[in-house]
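Novice: following is a predicted model, sequence given first.
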Amino acid sequence: MARYTGPKTKIARKFGEAIFGDDKAFEKRNYPPGQHGNAKRRGKKSEYAIQLMEKQKAKFTYGVLEKQFRNMFKKATAAPGITGDVLLQYCESRLDNVVFRMGIAPTRSGARQLVSHRHILVNGKKVNISSYQVKAGDVIAVREKSKSLETITNSLSNASHSYEWISWNNDKMEGTYVSVPSRIQIPENINTQFIVELYSK
């Protein structure tokens with residue numbers, strides 16, 4: 001299956017939370033999509049359905065396809081530490097996510113586009129692979145020729161979040177991925193235990 005390009009509000013309503021950021025349309029209709037969405041007559045979800053929903057939420061949040069997500073889970077299983085926490089850390093360390101966290105792009109999909117169009121440098125070198133794993137100490141910067149792009153300047157001027165594991169220099173338009181965030185620092189509302197249980201079946 002290719003990456004989802006349909007209405008984001010529909011997906012947010014499916015999970016019952018604005019996983020793509022502020023969404024006025026979601027606030028108006030924060031119930032599941034479909035003819036009977038607001039009736040709330042749906043029966044109790046099975047354990048499998050809850051686990052699958054959590055995995056899908058994580059995939060849509062970070063914009064990762066199934067094969068990529070499964071591969072990250074395999075790496076997380078082999079790595080030291082709590083598998084679910086390590087999995088989220090891999091998601092957070094993706095280049096497109098780091099670009100989004102730094103405020104260079106307003107959304108993760110926008111960050112993916114900037115990366116694929118070669119507007120982003122990692123340690124001074126152009127990297128156009130969204131899934132590139134950023135390491136602690138790596139410097140992420142906007143390419144010199146791209147610093148005047150309206151999408152980037154608008155995003156940086158509207159950026160309101162700051163994260164403990166990221167430092168940003170607005171004058172140079174570059175930031176440092178200081179460290180891999182701990183689970184408690186990652187703001188995403190994802191229950192990784194359900195994902196681990198799903199893949200462990």
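Specialist: Ah, there it is. Numbering: from 1, shown residues only.
Novice: and the residue nearest to residue 119 when sequence neighbours are not counted, how many neighbours does it have?
Specialist: Leaving aside its sequence neighbours, residue 119 sits nearest to residue 146 (C-beta to C-beta, 6 or more residues apart in numbering; 4.0 Å). Glycine gets a C-beta too; all of them are placed from N, C-alpha and C. Using other C-beta atoms under 10 Å, the number of residues around residue 146 comes to 18.
Novice: residue 162 too?
Specialist: Residue 162, neighbours per other C-beta under 10 Å, totals 11.
Novice: next: the one 10 residues further on.
Specialist: Taking other C-beta under 10 Å as the criterion, the count of residues near residue 172 is 11.
Novice: pLDDT wise, what is it at?
Specialist: In the prediction, the pLDDT value recorded for residue 172 is 95.
Novice: residue contacts, it?
Specialist: Applying C-beta atoms under 8 Å, 6 or more residues apart in numbering to residue 172 gives the contacts residue 141.
Novice: got phi/psi on it?
Specialist: Listed backbone geometry of residue 172 is phi -90, psi -10, with angles given as degrees, to the nearest 10.
Novice: look up how far residue 159 lies from it.
Specialist: Using C-beta to C-beta, to the nearest Å, residue 172 is found at 15 Å from residue 159.
Novice: please apply the same query to residue 47.
Specialist: 39 Å.
Novice: more neighbours: which of the two?
Specialist: Set side by side, residue 47 and residue 159 show more neighbours around residue 159, with 17 against 10, by other C-beta under 10 Å.
Novice: where's the closest residue to the more buried one other than its chain neighbours, which helix or strand?
Specialist: Nearest-residue entry for residue 159: residue 103, 2.9 Å, with adjacent residues in sequence omitted and distances by C-beta to C-beta, 6+ apart. Here residue 103, judged by DSSP states H and E, is contained in no helix and no strand.
Novice: count of residues packed around residue 103?
Specialist: Residue 103 - counted by other C-beta under 10 Å - has 22 other residues nearby.
Novice: and residue 115, by the same measure?
Specialist: Residue 115: 26 neighbours (other C-beta under 10 Å).
Novice: for it, what are its contacts?
Specialist: By C-beta under 8 Å, 6+ apart, residue 115 lies in contact with 95-96, 99, 127-130, 132.
Novice: helix, strand or coil: sort out residue 71 for me.
Specialist: Secondary structure, DSSP: H, G, I helix; E, B strand; the rest coil: residue 71 is helix.
Novice: how about the contacts made by the residue most central in space within the chain?
Specialist: With distances taken as C-alpha atoms, centre = their mean, residue 62 lies nearest the centre of the chain, 2.8 Å away. Residues in contact with residue 62 (C-beta under 8 Å, 6+ apart) are 91, 94, 97, 108.
Novice: verify the stated contact: the last one with residue 102.
Specialist: No - Residue 108 sits out of contact with residue 102 when judged by C-beta atoms under 8 Å, with a separation of 11.9 Å.
Novice: of those two, which one has the most company?
Specialist: Neighbour totals were compared for residue 108 and residue 102, and residue 102 leads with 27 against 22 (other C-beta under 10 Å).
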